[in-house]
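**Q** here are the coordinates; sequence isn't available:
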């Protein structure tokens, strides 16, 4: 029997049984724990022993996030503000890279579009990122119903969604509005104790809501995805995460698109011609240098 882990309480796990559509508390076999830490979002196999169910196996994860410790995120809403605070596009590009690495579908949400002079930022995001194939949503919490915007219209039934973004962009306001508009069916608080000696507790909340099509979807209200640095990707692999580079074939197969002459690097030439966004390219160079420096320190 398959179930999704929706809550962790000490040595017990609250799981949502797929076939029966109900929640129960279960325990885990020691050997399962030894395979790795069970996380919220995990799909697990259950077996009945005596009068109780236990977790006998953790199914292969679609992805595995570190902070917060969750897994199997299908969609990640990356929230930026159209002002107050000023958008951090370097942070946005890093989050898009890590979403692709984790095989989560990113959706860019430009919030606070009701602010004066927000049009310039909204237009830039639409012109730059929509052309790259990213879904972009313009919204604000002043509107009557966020669910009627496109926020959840294209989300598949049963998907697990998460929100990401730096402080002040309005994640909490958006989530509060969604909970109000979306007819919250169930709320679970998931505690994660980390650290040595004195423990600190971080809460993750799983909400089960109905979208405009009356389909059930899940989303996490988290303290925030704090792992915004690009990890587990080498500097040589980084160019594969900038999809606009794929349209240009350089004279050298191992072209880094950094120090090469424009004559041989078609990517740099495209930047100069305005066919690749200059700011996006500058972010590529900065992230490449950061990764390269980390690799040098690692192999010293």
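**A** That came through fine. Just so it is clear, the structure is predicted and the values come from calculations on it, not from any experiment. Numbering: from 1, shown residues only.

**Q** Quick check: the closest residue to residue 165 other than its chain neighbours vs residue 112, distance?
**A** Of all residues not flanking residue 165 in the chain, residue 79 sits nearest, at 3.6 Å (C-beta to C-beta, 6 or more residues apart in numbering). Backbone N, C-alpha and C define where each C-beta goes, glycine included. For residue 79, the distance to residue 112 (C-beta to C-beta, to the nearest Å) stands at 10 Å.

**Q** ditto for residue 83
**A** Counting by C-beta to C-beta, the gap from residue 83 to residue 112 is 6 Å.

**Q** which residues are in contact with both of these two?
**A** residue 118 (C-beta atoms under 8 Å, 6 or more residues apart in numbering).

**Q** sorry, back to before: secondary structure class for the residue nearest to residue 165?
**A** Look at residue 79: counting by DSSP: H, G, I helix; E, B strand; the rest coil, its state is strand.

**Q** List the contacts of it.
**A** Residues near residue 79 by C-beta under 8 Å, 6+ apart: 109, 111, 163, 164, 165, 169, 170, 171, 174.

**Q** For the third one, the count of nearby residues, please.
**A** By the criterion of other C-beta atoms under 10 Å, residue 163 has 24 neighbours.

**Q** Which element, helix or strand, includes it?
**A** Secondary structure assignment for residue 163, by DSSP states H and E: strand 160-164.

**Q** chain center to that strand, what's the gap?
**A** 6 Å (C-alpha atoms, centre = their mean, to the nearest Å).

**Q** What average pLDDT does the lengthiest helix in the chain get?
**A** Ranked by residue count and defined by DSSP state H, the top helix of the chain is helix 278-298. Per-residue pLDDT values across helix 278-298 average out to 95.

**Q** ok, now stretch 230-244?
**A** Per-residue scores along stretch 230-244 average to 95.

**Q** Quick one: end-to-end distance for that stretch.
**A** Length of stretch 230-244, first residue to last, C-alpha to C-alpha, to the nearest Å: 19 Å.

**Q** Check stretch 44-61 too.
**A** Taking C-alpha to C-alpha, stretch 44-61 runs 10 Å from one end to the other.

**Q** How about residues contacting it?
**A** 1-5, 13, 15, 17, 24, 26-29, 32, 35-36, 38, 42-43, 71-72.

**Q** so what's the residue positioned nearest the centre of the chain up against?
**A** In the chain, the C-alpha nearest the mean C-alpha coordinate belongs to residue 76, at 3.6 Å (C-alpha atoms, centre = their mean). Residue 76 makes contact with 95, 99, 102, 104, 105, 106, 107, 161, 162, 163, 164, 225, according to C-beta under 8 Å, 6+ apart.

**Q** Regarding it, what is its secondary structure?
**A** With three-state DSSP as the criterion, residue 76 reads strand.

**Q** distance of the closest residue to it other than its chain neighbours from residue 41?
**A** Nearest residue to residue 76 in three dimensions, chain neighbours excluded: residue 104, at 4.6 Å (C-beta to C-beta, 6+ apart). Residue 104 sits 11 Å away from residue 41, going by C-beta to C-beta.
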